[in-house]
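J.: Predicted model follows, preceded by the sequence.
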Amino acid sequence: MTEAPLVRLVDDDPDLLAAQVQSLKIAGFRAEPFTEPAEALRGLGPDWPGVVLSDVRMPGMDGFQVFERIHALDPDLPVILLTGHGDVPMAVAALKRGVYDFLTKPIGGGPLAAALARAVSSRALVLENRALRQQQQAGAAAETRLIGQSPVMMHLRETVGRVAETGGDVLILGPGGSGKETVARAIHRQSPRRARAFVHVACAALDETRFEAEMLGAEPQGRNPRLPGRLESAHRGTLYLDEIDALSPALQAALLALIEAREIRPPGAAAPRALDLRVIASSSADLARLMREGAFRSDLYYRLAGITLTLPPLAERREDIPELFRHFLIEAAARLDLPAAPVTGTVKARLAGYGWPGNLRELRQFAESHALGLSPFDAAGEGEDGPGLAGLVAEYEAELIRDALRLAEGNATQAMARLRLPRKTFYDKLNRHGIRPADFRVNDG
Ligand SMILES: Nc1ncnc2c1ncn2[C@@H]1O[C@H](COP(=O)(O)OP(=O)(O)OP(=O)(O)O)[C@@H](O)[C@H]1O
(Lines give C-alpha, C1' and ligand atoms only; values in the text may rest on other atoms or scores of the structure.)
Protein backbone atom coordinates (compact mmCIF):
# COMPACT_ATOMS: atom_id res chain seq x y z
CA MET A 1 0.00 0.00 0.00
CA THR A 2 1.55 3.27 -1.01
CA GLU A 3 -0.92 5.68 0.57
CA ALA A 4 -0.98 6.10 4.35
CA PRO A 5 -3.93 4.30 5.97
CA LEU A 6 -6.99 6.48 6.50
CA VAL A 7 -8.71 7.04 9.86
CA ARG A 8 -11.75 9.23 10.41
CA LEU A 9 -11.81 10.62 13.96
CA VAL A 10 -15.02 11.76 15.67
CA ASP A 11 -14.90 13.63 18.99
CA ASP A 12 -16.74 16.70 20.22
CA ASP A 13 -13.63 17.90 22.07
CA PRO A 14 -11.50 19.84 19.55
CA ASP A 15 -8.37 19.81 21.76
CA LEU A 16 -8.45 16.06 22.20
CA LEU A 17 -9.09 15.67 18.49
CA ALA A 18 -6.08 17.81 17.60
CA ALA A 19 -3.87 15.75 19.92
CA GLN A 20 -5.12 12.49 18.36
CA VAL A 21 -4.53 13.78 14.83
CA GLN A 22 -1.00 14.67 15.82
CA SER A 23 -0.15 11.32 17.39
CA LEU A 24 -1.74 9.33 14.54
CA LYS A 25 0.18 11.34 11.95
CA ILE A 26 3.38 10.43 13.75
CA ALA A 27 2.27 6.78 13.70
CA GLY A 28 1.89 6.98 9.91
CA PHE A 29 -1.90 7.41 9.48
CA ARG A 30 -3.87 9.96 7.52
CA ALA A 31 -6.34 11.38 10.02
CA GLU A 32 -9.62 13.16 9.13
CA PRO A 33 -10.98 14.90 12.27
CA PHE A 34 -14.68 15.70 12.83
CA THR A 35 -16.27 17.38 15.86
CA GLU A 36 -19.75 16.98 14.37
CA PRO A 37 -20.84 13.30 14.17
CA ALA A 38 -23.43 13.83 11.43
CA GLU A 39 -20.77 15.38 9.20
CA ALA A 40 -18.40 12.52 9.87
CA LEU A 41 -20.75 10.18 8.01
CA ARG A 42 -20.35 12.03 4.75
CA GLY A 43 -18.82 10.00 1.93
CA LEU A 44 -18.72 6.76 3.91
CA GLY A 45 -19.89 3.64 2.08
CA PRO A 46 -18.87 0.29 0.62
CA ASP A 47 -15.93 1.78 -1.33
CA TRP A 48 -14.56 4.02 1.40
CA PRO A 49 -11.09 2.69 2.21
CA GLY A 50 -10.58 3.75 5.86
CA VAL A 51 -11.77 3.04 9.40
CA VAL A 52 -13.62 5.18 11.96
CA LEU A 53 -12.59 5.96 15.53
CA SER A 54 -15.37 7.63 17.47
CA ASP A 55 -15.84 8.89 21.00
CA VAL A 56 -18.93 7.42 22.73
CA ARG A 57 -20.22 10.38 24.72
CA MET A 58 -21.08 13.26 22.46
CA PRO A 59 -24.03 15.65 22.43
CA GLY A 60 -26.50 15.14 19.57
CA MET A 61 -25.43 11.78 18.25
CA ASP A 62 -23.48 9.37 20.48
CA GLY A 63 -20.86 6.87 19.36
CA PHE A 64 -23.35 4.00 19.20
CA GLN A 65 -25.60 5.96 16.89
CA VAL A 66 -22.58 6.84 14.73
CA PHE A 67 -21.78 3.12 14.61
CA GLU A 68 -25.40 2.15 13.71
CA ARG A 69 -25.47 4.67 10.86
CA ILE A 70 -22.14 3.45 9.49
CA HIS A 71 -23.17 -0.18 9.96
CA ALA A 72 -26.20 0.47 7.77
CA LEU A 73 -23.95 1.97 5.06
CA ASP A 74 -21.45 -0.92 5.14
CA PRO A 75 -21.49 -3.59 7.88
CA ASP A 76 -17.82 -4.39 7.15
CA LEU A 77 -16.53 -0.88 7.76
CA PRO A 78 -14.60 -1.10 11.05
CA VAL A 79 -15.78 1.33 13.75
CA ILE A 80 -13.75 1.58 16.94
CA LEU A 81 -15.38 3.23 19.94
CA LEU A 82 -13.49 5.14 22.56
CA THR A 83 -14.96 5.76 25.99
CA GLY A 84 -13.79 7.41 29.16
CA HIS A 85 -15.98 5.13 31.23
CA GLY A 86 -14.69 1.58 31.10
CA ASP A 87 -18.00 -0.19 31.15
CA VAL A 88 -17.66 -3.92 30.41
CA PRO A 89 -21.35 -4.78 29.73
CA MET A 90 -21.59 -1.81 27.37
CA ALA A 91 -18.43 -2.88 25.56
CA VAL A 92 -19.66 -6.48 25.22
CA ALA A 93 -23.01 -5.32 23.88
CA ALA A 94 -21.27 -3.01 21.41
CA LEU A 95 -18.95 -5.76 20.17
CA LYS A 96 -21.93 -8.08 19.73
CA ARG A 97 -23.64 -5.47 17.57
CA GLY A 98 -20.59 -5.48 15.32
CA VAL A 99 -18.43 -2.66 16.72
CA TYR A 100 -14.91 -3.61 15.62
CA ASP A 101 -13.16 -2.74 18.85
CA PHE A 102 -13.82 -0.91 22.09
CA LEU A 103 -11.04 1.09 23.74
CA THR A 104 -10.89 2.86 27.07
CA LYS A 105 -9.52 6.37 27.60
CA PRO A 106 -6.87 7.34 28.36
CA ILE A 107 -5.19 5.19 25.71
CA GLY A 108 -1.53 5.50 24.76
CA GLY A 109 -0.39 6.22 21.20
CA GLY A 110 1.11 2.72 20.79
CA PRO A 111 -1.95 0.59 21.66
CA LEU A 112 -4.21 3.01 19.74
CA ALA A 113 -2.05 2.75 16.62
CA ALA A 114 -1.94 -1.06 16.98
CA ALA A 115 -5.74 -1.29 17.25
CA LEU A 116 -6.15 1.01 14.23
CA ALA A 117 -3.58 -0.92 12.19
CA ARG A 118 -5.54 -4.14 12.77
CA ALA A 119 -8.76 -2.46 11.67
CA VAL A 120 -7.12 -0.87 8.61
CA SER A 121 -5.67 -4.14 7.41
CA SER A 122 -9.01 -5.90 7.92
CA ARG A 123 -10.65 -3.13 5.85
CA ALA A 124 -8.09 -3.50 3.07
CA LEU A 125 -8.72 -7.24 2.90
CA VAL A 126 -12.50 -6.77 2.84
CA LEU A 127 -12.18 -4.38 -0.10
CA GLU A 128 -9.79 -6.67 -1.97
CA ASN A 129 -12.08 -9.56 -1.25
CA ARG A 130 -15.02 -7.71 -2.75
CA ALA A 131 -12.99 -6.75 -5.80
CA LEU A 132 -12.02 -10.39 -6.27
CA ARG A 133 -15.63 -11.55 -6.01
CA GLN A 134 -16.67 -8.93 -8.53
CA GLN A 135 -13.98 -10.17 -10.88
CA GLN A 136 -15.14 -13.74 -10.39
CA GLN A 137 -18.70 -12.70 -11.08
CA ALA A 138 -17.55 -10.87 -14.17
CA GLY A 139 -16.22 -14.21 -15.37
CA ALA A 140 -12.53 -13.36 -15.08
CA ALA A 141 -10.70 -16.65 -14.72
CA ALA A 142 -9.13 -16.17 -11.32
CA GLU A 143 -7.44 -19.55 -11.42
CA THR A 144 -5.49 -18.65 -14.52
CA ARG A 145 -4.34 -15.22 -13.41
CA LEU A 146 -0.57 -15.28 -13.31
CA ILE A 147 0.27 -13.10 -10.35
CA GLY A 148 3.61 -11.47 -9.76
CA GLN A 149 5.53 -8.36 -10.77
CA SER A 150 9.04 -9.88 -10.74
CA PRO A 151 10.88 -9.56 -14.08
CA VAL A 152 10.62 -13.32 -14.64
CA MET A 153 6.83 -13.28 -14.16
CA MET A 154 6.34 -10.24 -16.39
CA HIS A 155 8.34 -11.97 -19.09
CA LEU A 156 6.40 -15.19 -18.57
CA ARG A 157 3.02 -13.47 -18.93
CA GLU A 158 4.15 -11.92 -22.17
CA THR A 159 5.47 -15.28 -23.46
CA VAL A 160 2.24 -17.03 -22.46
CA GLY A 161 0.28 -14.50 -24.53
CA ARG A 162 2.46 -15.10 -27.59
CA VAL A 163 2.58 -18.88 -27.20
CA ALA A 164 -1.21 -19.03 -26.77
CA GLU A 165 -1.69 -17.52 -30.23
CA THR A 166 0.47 -20.17 -31.92
CA GLY A 167 -0.81 -23.72 -32.05
CA GLY A 168 2.48 -25.43 -31.16
CA ASP A 169 2.97 -28.00 -28.43
CA VAL A 170 4.58 -26.74 -25.23
CA LEU A 171 6.81 -28.19 -22.54
CA ILE A 172 6.67 -26.54 -19.10
CA LEU A 173 9.50 -27.24 -16.68
CA GLY A 174 9.73 -26.18 -13.03
CA PRO A 175 9.83 -27.59 -9.51
CA GLY A 176 6.70 -29.02 -7.86
CA GLY A 177 4.10 -26.39 -6.98
CA SER A 178 5.81 -23.65 -9.02
CA GLY A 179 2.73 -23.06 -11.19
CA LYS A 180 3.15 -25.31 -14.25
CA GLU A 181 -0.50 -26.30 -14.47
CA THR A 182 -1.58 -22.72 -13.90
CA VAL A 183 0.59 -21.61 -16.82
CA ALA A 184 -0.81 -24.42 -18.99
CA ARG A 185 -4.36 -23.32 -18.16
CA ALA A 186 -3.46 -19.70 -18.89
CA ILE A 187 -2.16 -20.70 -22.32
CA HIS A 188 -5.37 -22.60 -23.01
CA ARG A 189 -7.54 -19.71 -21.79
CA GLN A 190 -5.80 -17.23 -24.02
CA SER A 191 -5.72 -19.48 -27.08
CA PRO A 192 -8.36 -19.82 -29.82
CA ARG A 193 -9.15 -23.21 -28.19
CA ARG A 194 -10.50 -21.57 -25.03
CA ALA A 195 -14.10 -22.61 -25.67
CA ARG A 196 -13.07 -26.28 -25.80
CA ALA A 197 -11.88 -28.61 -23.04
CA PHE A 198 -8.62 -28.51 -21.09
CA VAL A 199 -8.05 -32.19 -20.30
CA HIS A 200 -5.69 -32.99 -17.45
CA VAL A 201 -3.86 -36.32 -17.56
CA ALA A 202 -1.81 -37.29 -14.49
CA CYS A 203 0.90 -39.38 -16.16
CA ALA A 204 2.11 -40.79 -12.83
CA ALA A 205 -1.29 -42.42 -12.35
CA LEU A 206 -1.51 -43.99 -15.83
CA ASP A 207 -1.83 -47.71 -15.72
CA GLU A 208 0.05 -49.64 -18.46
CA THR A 209 -2.72 -52.15 -18.94
CA ARG A 210 -5.44 -49.52 -19.20
CA PHE A 211 -3.51 -46.86 -21.09
CA GLU A 212 -5.14 -47.40 -24.49
CA ALA A 213 -8.61 -47.64 -23.01
CA GLU A 214 -8.09 -44.43 -21.04
CA MET A 215 -6.73 -42.45 -23.94
CA LEU A 216 -9.03 -43.84 -26.65
CA GLY A 217 -12.11 -44.70 -24.64
CA ALA A 218 -13.37 -47.86 -23.02
CA GLU A 219 -15.66 -50.39 -24.62
CA PRO A 220 -19.26 -50.40 -23.33
CA GLN A 221 -19.48 -52.57 -20.21
CA GLY A 222 -22.84 -54.26 -19.73
CA ARG A 223 -25.37 -51.49 -19.45
CA ASN A 224 -22.70 -48.79 -19.04
CA PRO A 225 -22.31 -46.68 -22.17
CA ARG A 226 -18.92 -46.26 -23.82
CA LEU A 227 -16.67 -43.84 -21.97
CA PRO A 228 -14.95 -41.29 -24.19
CA GLY A 229 -11.15 -41.37 -24.02
CA ARG A 230 -8.98 -38.46 -22.97
CA LEU A 231 -7.90 -37.77 -26.54
CA GLU A 232 -11.47 -37.61 -27.69
CA SER A 233 -12.41 -35.27 -24.83
CA ALA A 234 -9.50 -33.00 -25.69
CA HIS A 235 -10.39 -32.86 -29.41
CA ARG A 236 -10.10 -29.19 -30.55
CA GLY A 237 -8.93 -28.33 -27.03
CA THR A 238 -5.77 -28.82 -24.97
CA LEU A 239 -4.35 -32.06 -23.59
CA TYR A 240 -2.27 -31.40 -20.47
CA LEU A 241 0.19 -34.19 -19.67
CA ASP A 242 1.18 -33.60 -16.07
CA GLU A 243 4.51 -35.12 -14.87
CA ILE A 244 5.37 -36.58 -18.25
CA ASP A 245 8.72 -37.75 -16.81
CA ALA A 246 6.76 -40.36 -14.81
CA LEU A 247 5.79 -42.32 -17.97
CA SER A 248 7.43 -45.70 -18.35
CA PRO A 249 9.38 -46.30 -21.60
CA ALA A 250 6.52 -48.43 -22.94
CA LEU A 251 3.98 -45.68 -22.26
CA GLN A 252 6.26 -43.04 -23.75
CA ALA A 253 6.24 -45.03 -27.01
CA ALA A 254 2.48 -45.57 -26.89
CA LEU A 255 1.83 -41.91 -26.21
CA LEU A 256 4.10 -40.77 -29.00
CA ALA A 257 2.32 -43.07 -31.44
CA LEU A 258 -1.06 -41.68 -30.42
CA ILE A 259 -0.18 -38.03 -30.67
CA GLU A 260 1.86 -38.47 -33.85
CA ALA A 261 -1.04 -40.17 -35.59
CA ARG A 262 -3.25 -37.17 -34.90
CA GLU A 263 -6.27 -39.33 -35.44
CA ILE A 264 -8.37 -41.54 -33.28
CA ARG A 265 -10.39 -44.59 -34.05
CA PRO A 266 -12.85 -44.84 -31.18
CA PRO A 267 -13.83 -48.48 -30.59
CA GLY A 268 -16.80 -49.37 -32.74
CA ALA A 269 -16.38 -46.35 -35.06
CA ALA A 270 -16.29 -47.20 -38.77
CA ALA A 271 -13.46 -44.86 -39.73
CA PRO A 272 -10.73 -42.98 -37.85
CA ARG A 273 -11.44 -39.38 -36.94
CA ALA A 274 -8.95 -36.58 -37.41
CA LEU A 275 -7.70 -35.41 -34.05
CA ASP A 276 -7.07 -31.72 -33.47
CA LEU A 277 -5.03 -31.28 -30.31
CA ARG A 278 -2.59 -29.02 -28.63
CA VAL A 279 -0.36 -30.93 -26.24
CA ILE A 280 1.13 -29.21 -23.21
CA ALA A 281 3.39 -31.41 -21.09
CA SER A 282 4.98 -30.62 -17.74
CA SER A 283 7.86 -32.04 -15.77
CA SER A 284 9.54 -31.18 -12.51
CA ALA A 285 12.54 -33.29 -13.52
CA ASP A 286 15.17 -32.10 -15.98
CA LEU A 287 13.80 -33.82 -19.08
CA ALA A 288 16.82 -33.06 -21.27
CA ARG A 289 19.04 -34.81 -18.73
CA LEU A 290 16.68 -37.80 -18.56
CA MET A 291 16.84 -37.97 -22.33
CA ARG A 292 20.65 -37.90 -22.32
CA GLU A 293 20.66 -40.64 -19.70
CA GLY A 294 18.35 -42.72 -21.89
CA ALA A 295 15.41 -42.61 -19.46
CA PHE A 296 13.25 -40.46 -21.73
CA ARG A 297 12.70 -41.04 -25.46
CA SER A 298 14.42 -38.40 -27.56
CA ASP A 299 11.72 -38.46 -30.28
CA LEU A 300 9.02 -37.71 -27.68
CA TYR A 301 11.22 -35.06 -26.09
CA TYR A 302 11.80 -33.23 -29.38
CA ARG A 303 8.13 -33.60 -30.27
CA LEU A 304 7.18 -31.71 -27.11
CA ALA A 305 10.07 -29.36 -26.47
CA GLY A 306 9.62 -27.06 -29.48
CA ILE A 307 8.46 -24.36 -27.10
CA THR A 308 9.86 -24.78 -23.58
CA LEU A 309 8.92 -22.56 -20.66
CA THR A 310 10.87 -22.83 -17.42
CA LEU A 311 9.38 -21.68 -14.11
CA PRO A 312 11.72 -20.69 -11.31
CA PRO A 313 11.32 -21.82 -7.70
CA LEU A 314 9.50 -19.26 -5.56
CA ALA A 315 12.73 -18.56 -3.67
CA GLU A 316 14.12 -17.05 -6.88
CA ARG A 317 11.30 -14.50 -7.15
CA ARG A 318 10.84 -13.56 -3.54
CA GLU A 319 9.55 -10.10 -4.44
CA ASP A 320 6.28 -11.78 -5.56
CA ILE A 321 5.68 -13.46 -2.18
CA PRO A 322 3.70 -10.65 -0.44
CA GLU A 323 1.35 -10.16 -3.40
CA LEU A 324 0.85 -13.91 -3.88
CA PHE A 325 0.19 -14.36 -0.15
CA ARG A 326 -2.46 -11.66 -0.17
CA HIS A 327 -4.03 -13.19 -3.25
CA PHE A 328 -4.14 -16.66 -1.64
CA LEU A 329 -5.46 -15.19 1.61
CA ILE A 330 -8.31 -13.38 -0.09
CA GLU A 331 -9.07 -16.44 -2.17
CA ALA A 332 -9.13 -18.65 0.97
CA ALA A 333 -11.32 -16.18 2.88
CA ALA A 334 -13.77 -16.05 -0.04
CA ARG A 335 -13.77 -19.85 -0.47
CA LEU A 336 -14.20 -20.60 3.24
CA ASP A 337 -16.54 -17.66 3.77
CA LEU A 338 -14.39 -16.29 6.57
CA PRO A 339 -13.71 -12.69 7.53
CA ALA A 340 -10.45 -11.32 6.20
CA ALA A 341 -7.55 -12.11 8.57
CA PRO A 342 -5.09 -9.27 9.22
CA VAL A 343 -1.50 -9.86 8.15
CA THR A 344 0.54 -9.48 11.34
CA GLY A 345 4.21 -8.56 11.63
CA THR A 346 5.14 -12.13 12.59
CA VAL A 347 3.46 -13.47 9.46
CA LYS A 348 5.35 -10.93 7.34
CA ALA A 349 8.60 -12.03 8.97
CA ARG A 350 7.75 -15.66 8.18
CA LEU A 351 7.00 -14.78 4.54
CA ALA A 352 10.33 -13.04 4.19
CA GLY A 353 12.47 -15.44 6.19
CA TYR A 354 11.42 -18.86 4.93
CA GLY A 355 12.69 -20.77 1.88
CA TRP A 356 9.31 -22.09 0.55
CA PRO A 357 10.62 -25.41 -0.81
CA GLY A 358 7.02 -26.39 -1.70
CA ASN A 359 6.76 -23.18 -3.76
CA LEU A 360 3.36 -21.61 -4.48
CA ARG A 361 1.45 -24.64 -3.27
CA GLU A 362 3.07 -24.37 0.17
CA LEU A 363 2.50 -20.61 0.29
CA ARG A 364 -1.16 -21.20 -0.58
CA GLN A 365 -1.50 -23.73 2.25
CA PHE A 366 0.12 -21.30 4.65
CA ALA A 367 -2.36 -18.60 3.58
CA GLU A 368 -5.22 -21.00 4.13
CA SER A 369 -4.13 -21.89 7.66
CA HIS A 370 -3.71 -18.19 8.35
CA ALA A 371 -7.25 -17.51 7.08
CA LEU A 372 -8.50 -20.28 9.39
CA GLY A 373 -6.55 -18.82 12.33
CA LEU A 374 -4.49 -22.03 12.59
CA SER A 375 -1.07 -20.61 11.87
CA PRO A 376 1.16 -20.23 14.93
CA PHE A 377 2.41 -17.04 13.28
CA ASP A 378 -1.02 -15.41 13.34
CA ALA A 379 -1.05 -13.50 16.54
CA ALA A 380 1.74 -14.79 18.76
CA GLY A 381 3.37 -11.85 20.47
CA GLU A 382 1.01 -9.41 18.76
CA GLY A 383 -0.63 -6.79 20.94
CA GLU A 384 -2.14 -7.44 24.32
CA ASP A 385 -4.66 -9.99 23.02
CA GLY A 386 -2.15 -12.85 22.79
CA PRO A 387 -2.40 -15.64 20.27
CA GLY A 388 -6.02 -16.68 21.00
CA LEU A 389 -7.25 -20.25 21.38
CA ALA A 390 -6.54 -21.37 17.81
CA GLY A 391 -3.01 -19.96 18.04
CA LEU A 392 -2.38 -21.70 21.37
CA VAL A 393 -3.65 -25.03 20.03
CA ALA A 394 -1.39 -24.65 16.98
CA GLU A 395 1.62 -23.82 19.16
CA TYR A 396 0.90 -26.85 21.33
CA GLU A 397 0.61 -29.07 18.26
CA ALA A 398 3.92 -27.75 16.90
CA GLU A 399 5.56 -28.44 20.27
CA LEU A 400 4.28 -32.06 20.29
CA ILE A 401 5.65 -32.60 16.79
CA ARG A 402 9.02 -31.13 17.78
CA ASP A 403 9.10 -33.41 20.85
CA ALA A 404 8.35 -36.47 18.72
CA LEU A 405 11.09 -35.53 16.26
CA ARG A 406 13.53 -34.90 19.09
CA LEU A 407 12.82 -38.36 20.55
CA ALA A 408 13.13 -39.94 17.11
CA GLU A 409 16.35 -37.96 16.49
CA GLY A 410 14.92 -36.46 13.33
CA ASN A 411 13.57 -39.72 11.87
CA ALA A 412 10.28 -38.60 10.32
CA THR A 413 8.84 -42.13 9.94
CA GLN A 414 9.38 -42.86 13.63
CA ALA A 415 7.98 -39.49 14.66
CA MET A 416 4.80 -39.93 12.63
CA ALA A 417 4.36 -43.45 14.08
CA ARG A 418 4.77 -42.04 17.60
CA LEU A 419 2.13 -39.39 16.87
CA ARG A 420 -0.04 -41.92 15.00
CA LEU A 421 -0.41 -39.55 12.07
CA PRO A 422 -0.73 -40.56 8.40
CA ARG A 423 2.26 -39.51 6.30
CA LYS A 424 0.43 -36.80 4.33
CA THR A 425 -1.12 -35.23 7.45
CA PHE A 426 2.25 -35.30 9.18
CA TYR A 427 4.01 -33.55 6.29
CA ASP A 428 1.19 -31.01 5.93
CA LYS A 429 1.64 -30.16 9.60
CA LEU A 430 5.43 -29.88 9.21
CA ASN A 431 4.88 -27.47 6.34
CA ARG A 432 2.34 -25.45 8.25
CA HIS A 433 4.58 -25.07 11.29
CA GLY A 434 7.79 -24.71 9.29
CA ILE A 435 9.41 -27.68 11.07
CA ARG A 436 12.25 -29.54 9.35
CA PRO A 437 13.09 -33.08 10.56
CA ALA A 438 16.73 -32.49 9.52
CA ASP A 439 17.06 -29.94 12.34
CA PHE A 440 16.52 -32.75 14.88
CA ARG A 441 19.07 -35.20 13.49
CA VAL A 442 21.89 -35.91 15.85
CA ASN A 443 25.22 -35.15 14.31
CA ASP A 444 27.55 -37.93 15.43
CA GLY A 445 30.36 -37.02 13.04
N1 LIG B 1 1.37 -17.12 -11.01
C2 LIG B 1 0.42 -17.56 -10.19
N3 LIG B 1 -0.46 -16.69 -9.66
C4 LIG B 1 -1.39 -17.12 -8.77
N5 LIG B 1 -1.51 -18.38 -8.35
C6 LIG B 1 -0.67 -19.28 -8.83
C7 LIG B 1 0.34 -18.93 -9.79
N8 LIG B 1 1.02 -20.03 -10.09
C9 LIG B 1 0.50 -21.03 -9.37
N10 LIG B 1 -0.53 -20.60 -8.61
C11 LIG B 1 -1.29 -21.42 -7.63
O12 LIG B 1 -0.30 -22.17 -6.91
C13 LIG B 1 -0.72 -23.51 -6.71
C14 LIG B 1 0.28 -24.48 -7.36
O15 LIG B 1 0.31 -24.26 -8.75
P16 LIG B 1 0.25 -25.42 -9.86
O17 LIG B 1 -0.66 -26.53 -9.46
O18 LIG B 1 0.00 -24.74 -11.15
O19 LIG B 1 1.77 -25.92 -9.78
P20 LIG B 1 2.49 -27.13 -10.52
O21 LIG B 1 3.86 -26.67 -10.81
O22 LIG B 1 1.64 -27.60 -11.66
O23 LIG B 1 2.52 -28.21 -9.37
P24 LIG B 1 2.92 -29.79 -9.49
O25 LIG B 1 4.33 -29.85 -10.00
O26 LIG B 1 2.84 -30.25 -8.07
O27 LIG B 1 1.91 -30.43 -10.40
C28 LIG B 1 -2.10 -23.61 -7.32
O29 LIG B 1 -3.02 -23.44 -6.27
C30 LIG B 1 -2.18 -22.44 -8.29
O31 LIG B 1 -3.51 -21.98 -8.39
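T.: Cool, the structure landed.

J.: can you count the residues close to the residue of the chain found nearest the ligand?
T.: Across the chain, no residue is closer to the ligand than Gly179, which sits at 2.8 Å (Cβ to the nearest ligand atom). Any C-beta I mention is one placed from the backbone N, CA and C, and that applies to glycine too. The local packing count at Gly179 equals 24, with neighbours defined by other Cβ atoms under 10 Å.

J.: Would you agree it is in contact with Leu146?
T.: Yes - with contact defined as Cβ atoms under 8 Å, Gly179 counts as touching Leu146 (7.4 Å).

J.: any low-confidence regions in this structure?
T.: For the chain, the stretches with pLDDT under 70 are 1-2, 85-86, 135-144, 218-227, 266-269, 340, 376-393, 443-445.

J.: What are the structural domain limits within it?
T.: Here the domain parsing of the chain from automatic domain parsing is 6-137, 142-312, 315-440.

J.: tell me which parts of the stretch 151-300 of the chain are close to the ligand?
T.: Residues of the stretch 151-300 of the chain found near the ligand (Cβ under 6 Å from any ligand atom) are Gly174, Gly176, Gly177, Ser178, Gly179, Lys180, Glu181, Thr182, Asp242, Ser284.

J.: Run a quick neighbour tally on the nearest residue to the second one once chain neighbours are set aside.
T.: Here the nearest residue to Gly176 in space, its sequence neighbours aside, is Ser284; by Cβ to Cβ, 6 or more residues apart in numbering that works out to 4.9 Å. The criterion is other Cβ under 10 Å. On that basis, Ser284 has 19 neighbouring residues.

J.: Over to Ile147?
T.: Here the count is done by other Cβ under 10 Å, and Ile147 has 16 residues near it.

J.: List, one by one, the residues from the stretch 1-150 of the chain near the ligand.
T.: Counting by Cβ under 6 Å from any ligand atom, the residues of the stretch 1-150 of the chain close to the ligand are Glu143, Arg145, Leu146, Ile147, Gly148.

J.: quick one, what contacts the last one?
T.: Gly148 makes contact with Met154, Arg317, Asp320, Glu323, Leu324 under the criterion Cβ atoms under 8 Å, 6 or more residues apart in numbering.

J.: ok, and the most crowded of those?
T.: For those, neighbours were counted using other Cβ under 10 Å, and Leu324 has the most, 21 neighbours in all.

J.: which SSE is the residue nearest to Asp439 when sequence neighbours are not counted in?
T.: Spatial nearest neighbour of Asp439, excluding adjacent residues (Cβ to Cβ, 6+ apart): Gly410 at 7.2 Å. When secondary structure is defined using DSSP states H and E, no element contains Gly410, which sits outside every helix and strand.

J.: tell me the contacts of Gly410?
T.: Gly410 makes contact with Pro437, Ala438, Asp439, Phe440, Arg441, Val442 under the criterion Cβ under 8 Å, 6+ apart.
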